[in-house]
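Trainee: Compute the structure for the input listed below.
(chains A and B)
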Amino acid sequence: MTIRLLYFASLRESLGTGGEEFTLPSGVSSVAMLRQLLASRGGSWQALTQSQNLRAAVNQSMAGPDTAIKDGDEVAFFPPVTGG
Amino acid sequence: MSVRVQSEAFDVGGELARLTAGRRDIGAVASFVGLVRDMNAGCVEATEGTEAAEATEVGAMTLEHYPGMTERALEAIVAEARQRWKLFAVSVIHRYGRLTPGDAIVLVAVAGAHRGEAFAACEFIMDYLKTRAPFWKKEEGPGGARWVDARSSDATAMQRWQAT
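Mentor: Predicted coordinates for the structure are as follows:
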């Protein structure tokens, strides 16, 4: 189970990476579970569970904590948008 | 219907002409152009007696976006507007990359039979774009570069459409 992770804007800068290929362990099947797993890396990664307003998108659609994740998905995390 | 995400500048007059070219049924075109200002958002919110804003001037800003999702999000917003109002043509152009004060960032142009739906749909698209399209602004000021915070007033502006 491999997914593509993407990070944008201030989150990308604080993590020091724009994305990665990620092997999803069995049992990790939702956005909330993925956040927990990434946050366990410590340091800046803790923002994934501690920052209230970090948004998530799965396959380029806005996602909530219960949104399912499956093999081949593209999952992105980013701060609230500020375009326009 | 046209959605474009690009780094290059756009010509508003040319875009509006393209929107109505060859058509005789369009009675109204409403358009919005968003520009880079030379002062930052913190400056606007600082009022007399409160703490001064960190930076007062913006020399430039860089817009980052999420290629792929950006286009999808904008197309979904336009589709939602077309469900609410009878629209003849819509054009949305949003730029990314480094921009300086005075540069146009975004164009939303809507054509319909009458001004009512054109005005409303134009504002609707902008309000949704502000909270749903994955763009992020980073401002360069005298104190260095900083990411712009999302404003709660933008969420409020979008939410009023959900009540109607």
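Trainee: Number of residues surrounding B:L35?
Mentor: 11 (other CB atoms under 10 Å in any protein chain shown). Every C-beta, even on glycine, is put in place using the N, C-alpha and C of the backbone.
Trainee: who touches it in this structure?
Mentor: B:P101, B:G102, B:D103, B:A104, B:I105 (CB atoms under 8 Å, 6 or more residues apart in numbering or on different chains).
Trainee: any idea which of the residues you listed is closest to chain A?
Mentor: B:I105 (7.0 Å; CB to the nearest CB).
Trainee: Would you agree the closest one falls within a helix?
Mentor: No. Under DSSP: H, G, I helix; E, B strand; the rest coil, B:I105 sits outside any helix and is assigned strand.
Trainee: If we ignore the residues flanking it in sequence, what's nearest it?
Mentor: B:G34 (4.6 Å; CB to CB, 6 or more residues apart in numbering or on different chains).
Trainee: Now do the SS call for the one you found.
Mentor: On the basis of three-state DSSP, B:G34 is classed as strand.
Trainee: Correct me if wrong: it contacts B:G102.
Mentor: No. Under the criterion of CB atoms under 8 Å, B:G34 is not in contact with B:G102, lying 11.9 Å apart.
Trainee: on that earlier part again, got a PyMOL select line for the buried ones in the contacts of B:L35?
Mentor: Entered in PyMOL, the line below selects the buried ones among the contacts of B:L35, by 16 or more other CB atoms under 10 Å in any protein chain shown:
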select buried, chain B and resi 104+105
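Trainee: got the contacts of B:L35 as JSON lines, with pLDDT columns?
Mentor: What follows is the contacts of B:L35, written out as JSON lines (pLDDT from 0 to 100):
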{"residue": "B:P101", "pLDDT": "96"}
{"residue": "B:G102", "pLDDT": "96"}
{"residue": "B:D103", "pLDDT": "98"}
{"residue": "B:A104", "pLDDT": "98"}
{"residue": "B:I105", "pLDDT": "98"}
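Trainee: Skip the chain neighbours and tell me the closest residue to the residue in chain B that chain A sits nearest to.
Mentor: Closest to chain A within chain B is B:F135: 2.7 Å, counting by CB to the nearest CB. Distances taken as CB to CB, 6+ apart put A:G83 closest to B:F135, at 2.7 Å, once the chain neighbours are dropped.
Trainee: For B:H94, the count of nearby residues, please.
Mentor: With other CB under 10 Å as criterion, B:H94 counts 24.
Trainee: Need the three-state assignment for it.
Mentor: Using three-state DSSP, the structure places B:H94 in strand.
Trainee: and A:L48, what does it touch?
Mentor: Under the criterion of CB under 8 Å, 6+ apart, the neighbours of A:L48 are A:R35, A:Q36, A:L38, A:A39, A:L54, A:F77.
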